[in-house]
Every structure is written in C-alpha cells, then in structure tokens.
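Participant: A predicted structure for the sequence below; I have some questions about it.
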Amino acid sequence: MSKKEMPMTPSIRLIKAKGASFAVHEYDYEEKGGTRQTAIELKVQEHQVIKTLVFECEEYPLLVLMHGDKEVSTKELARVIGVKKVEAMTADGAMKQTG
C-alpha cells in the first residue's frame with residue numbers, strides 16, 4: 001500500500017523548513033462547516049479549534065487568531081487598536097495577504 005501524500009501548503013512548507021514537529025489531520029471539507037465541523041472531525045471541543053480571521057483597516061491588514069466558538073466585534077476591535085473602522089477582508093484580499 002502506498003503512503004498517502006501530505007498536502008503541501010505555504011504553512012506546511014515553512015513548518016518543515018524550520019524543522020518543527022507537526023501532524024497533519026485531514027478530513028473532508030464541508031462548505032460553511034466552519035470550526036464546528038472541524039471540531040467534530042477532529043473529535044475536540046470547538047473552543048480548542050483556533051481560527052484565523054483576516055481584517056483590514058485604512059492603515060493595515062490585521063490577522064486575528066481566536067477560539068473557534070468565539071466571535072469578533074469589529075467595532076470593539078477598531079476601538080482597541082485606535083482606528084475608525086475595521087472590516088473583514090474579502091476572500092481575494094485575504095489570499096493576496098496570506099498566500
């Protein structure tokens with residue numbers, strides 16, 4: 001039996017280049033499944049799943065890492081970082097920023 005090939009993403013390339021140990025946990029993608037579906041597939045609580053959200057303000061892009069069962073208030077985020085407005089970045093914009 002042949003060994004299944006590991007998916008190769010920019011993140012995995014970086015982790016491998018740095019020599020960090022990691023494990024890949026693959027599962028079938030479900031459209032709009034979000035962190036709830038990830039938690040079910042990995043058999044963990046949704047709070048243990050970390051999601052990456054990409055936002056933007058007039059000054060710069062923002063990455064927010066947070067527990068899967070939590071939400072971001074863009075108004076509160078803007079207040080905390082001292083800007084007028086924060087918005088979720090478009091999927092194309094996020095891909096351009098993060099690769």
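Facilitator: Nice, thanks for sending it over.

Participant: so where is this structure shaky, pLDDT-wise?
Facilitator: 1-4, 6 (pLDDT under 70).

Participant: quick one, strands of it?
Facilitator: Using DSSP state E, the strands found in the chain span residues 50-56, 61-67, 87-88.

Participant: what's near enough to touch P61?
Facilitator: Residues near P61 by Cβ atoms under 8 Å, 6 or more residues apart in numbering: V54, F55, M89, G93, Q97. Backbone N, C-alpha and C define where each C-beta goes, glycine included.

Participant: now the last one, nearest residue through space, not along the chain?
Facilitator: Among residues not flanking Q97 along the chain, P61 sits closest, at 5.0 Å (Cβ to Cβ, 6 or more residues apart in numbering).

Participant: from the strands of the chain, which stretch is densest packed?
Facilitator: A comparison of those by mean neighbour count, using mean count of other Cβ atoms under 10 Å, puts strand 50-56 on top with a mean of 16.

Participant: now the angle between strand 61-67 and that one, please.
Facilitator: 160 degrees (axes from the mean of the first three to the mean of the last three Cα atoms, to 10 degrees).

Participant: now strand 50-56: how far from the chain's centre is it?
Facilitator: Offset of strand 50-56 from its chain centre (Cα atoms, centre = their mean, to the nearest Å): 6 Å.

Participant: which helices and strands does that strand pack with?
Facilitator: When contacts are defined as 3 or more Cβ pairs under 8 Å, 6 or more residues apart in numbering; DSSP states H and E, strand 50-56 sits against strand 61-67, strand 87-88, helix 91-98.

Participant: the longest one - contacts with which helices or strands?
Facilitator: Using 3+ Cβ pairs under 8 Å, 6+ apart as the contact definition, the elements that helix 91-98 packs against are strand 50-56, strand 61-67.

Participant: in TSV: the helices and strands packed on strand 50-56, plus distance to Q45.
Facilitator: TSV is the format used below for the helices and strands packed on strand 50-56 (distance: least, Cβ to Cβ, whole Å):
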stretch	distance to Q45
strand 61-67	9
strand 87-88	25
helix 91-98	26
